[in-house]
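[1] sequence and predicted structure, then a few things I'm wondering about:
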Amino acid sequence: MRVLVVDPDPARAALVAEGLAGVDPLEVRHAAVFDHAEAAAFAPDVVVVAADSPERDTLESLREASLANPRPVVMFVDRSEPGLAEEAVRAGVAAYVVDGLAPGRVRAVLEVAMSRFALMNQLRQDLEKAKADLASRKTVERAKALLMKERGLDEEAAYRLLRKLSMDTGRPLAAVAGDLLAFAGVLKGDRP
Amino acid sequence: MRLKLGFVPLTDAAPLIVAQANGFFADEGLEVEVSREASWATVRDKLMVGALDGAHMLAPMALAAALGIGSEPAPLIVPMALARGGAAVTLSARIPADGLARLVEQRREAGASPLTFAVVFPYSIHNYLLREWLARSGVDPDADVRIIVAPPSRMAGLLAEGVIEGFCAGEPWSDAAVAAGVGRIAVRAGDVWAKAPDKVFAVAEGWADAGPARLQATLRALLRASAWIETAENRPLAAEILARPEHLAVPAEVLANGLGRIAFCRDGACVPNRADAVWLLGEMKRWGQVDADLDAAAAAARIYRPDLHGEAARALSA
């Protein structure tokens, strides 16, 4: 079985392709855009496409068999399991298969694609969170240093003061620290 | 009430985008997220599974989806039309102004590959306009040329690279190709048809039935936005809103002309006329997309709902 993965996100496409290589299909390729000539040469049995790819409409048009496309393409919907198509849409994956391919085999492909999409989402969220955590830690460190300098506190006392401000105002530590730095800038006259 | 409405980045998505940006949805007590979608197929699928509550959609696609043509049947209805007359055929400078039929003939004699044209979707006024224009130029759209589907944002690039010789898409993509110096306009929808029904607002029938008040509030906000866009002095600001990176991400000056040319609500362009649906189904029959014996009037009556538009329009004028 030949599978083509079309996804504008190369990292995600690679992840999906890698996951699929573990299923029984033999050949997996990925591309950022759908190219008629390349696709014709590769002759995929299944095309997995990201819902956020503008190429989906091109693939839709191949559903009608024509001279240019003698092998009719259908969008994969397994009627025996009503939830599956919906799950795929929500996961952001669509699959097109050459008519006549066994649903069970397509299902395996689709499930791998969905799980890899979810994994990628998780990775992205983790990365965003790690970045945000790092940024707030830096802000807290700078606010602590400011308090130590201006109020003559030691590090522990400066941190306790920030914590108290945070609890009294019911706002996150990083937000309080950010305000403190901003106001200090105004008082020192380096901000308008 | 929270809603999620989808749009494809095109000038005629303006009513949804403006209703959101100008607070017209909020005025109706609606909390709306407008979601930019990358393809028509995704818009349809999301509407079908309830991941979107309503969407900007190609009128023929709404009909096809509701009839189960080209997809699983999606019980969609059209309570409002969004735009008329935005489509245009854009040609590369390589194609002579009125020698298309001769060029096609020459290439056939020389054994060259057929000329390739692109449209945005099989079920679209763009496909029918290109076909009508080719037929009027003495070219058989099925036998003499190849028609492919490509994303509108890539049309200008495909034209410049010589992959296609012409395309039919909605604004801003024709104006963008002209502005980039890679194409010229051969014909606009308005030159061929007095009314060229283009985009509609589609919702799932079940969603409409489950909350008639919610639907009416949505329609009122969209109608206000359409009227606001139609007011000439608002157009520069409308272009600016559409130009934003989260919307079309296209320079405002490229959008301005198209905004003036598209009919949003003038001459009844907002009304989901059943006659328009019947006419579109006629085009779909003509090009073999639906069975010739389909009862177009019955399908139009089921899918197009001028009564729902009328209720919202009356509430606004009261």
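    The structure has been received and is ready for your questions. Numbering: from 1, shown residues only, chains lettered A, B, ... in the order given.
[2] show me what the helix or strand that contains B:Leu47 is packed against.
    Using DSSP states H and E, B:Leu47 maps to helix B:40-49. Here helix B:40-49 touches helix A:56-61, helix A:82-91, strand A:93-98, strand B:2-7, strand B:54-58, helix B:59-67, strand B:197-204, going by 3 or more CB pairs under 8 Å, 6 or more residues apart in numbering or on different chains; DSSP states H and E. Every residue, glycine included, has its C-beta placed from N, CA and C.
[3] avg pLDDT for that helix?
    On average, the pLDDT along helix B:40-49 is 91.
[4] could you do stretch A:38-47 as well?
    83.
[5] quick check: buried residues in it?
    Neighbour counts over stretch A:38-47 (16 or more other CB atoms under 10 Å in any protein chain shown) mark A:Ala39, A:Pro44, A:Asp45, A:Val46, A:Val47 as buried.
[6] mind listing which of those residues are in strands?
    Using DSSP state E, the members of those that fall in strands are A:Val46, A:Val47.
[7] could you dump the buried residues of stretch A:38-47 to JSON lines with distance to A:Gln125?
    Formatted as JSON lines, the buried residues of stretch A:38-47 follow (distance: CB to CB, whole Å):
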{"residue": "A:Ala39", "distance to A:Gln125": "32"}
{"residue": "A:Pro44", "distance to A:Gln125": "31"}
{"residue": "A:Asp45", "distance to A:Gln125": "33"}
{"residue": "A:Val46", "distance to A:Gln125": "28"}
{"residue": "A:Val47", "distance to A:Gln125": "27"}
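[8] now, among the buried residues of stretch A:38-47, which is nearest to chain B?
    Comparing the buried residues of stretch A:38-47 against chain B with CB to the nearest CB places A:Ala39 closest, at 11.7 Å.
[9] run the chain-centre distance for stretch B:190-199.
    In terms of CA atoms, centre = their mean, to the nearest Å, the centre of stretch B:190-199 is set 11 Å apart from its chain centre.
[10] check whether it contacts chain A.
    No: Stretch B:190-199 lies out of reach of chain A by CB under 8 Å from any CB of the partner chain, never closer than 14.8 Å.
[11] over to stretch B:228-245?
    No: Stretch B:228-245 stays clear of chain A (CB under 8 Å from any CB), getting no nearer than 15.9 Å.
[12] give me the nearest residue to B:Glu165, chain neighbours excluded.
    B:Leu115 (4.7 Å; CB to CB, 6 or more residues apart in numbering or on different chains).
[13] A:Leu127 versus the one you found, what's the distance?
    47 Å (CB to CB, to the nearest Å).
[14] over to B:Leu3?
    For B:Leu3 relative to A:Leu127 (CB to CB), the value is 30 Å.
[15] looking at those two, which is more packed in?
    B:Leu3 (20 against 10; other CB atoms under 10 Å in any protein chain shown).
[16] mind checking pLDDT for the more buried one?
    So B:Leu3 comes in at 95 (pLDDT).
[17] give the full set of residues in contact with it.
    B:Phe25, B:Leu30, B:Glu31, B:Val32, B:Glu33, B:Asp53, B:Gly54, B:Arg214, B:Thr218 (CB atoms under 8 Å, 6 or more residues apart in numbering or on different chains).
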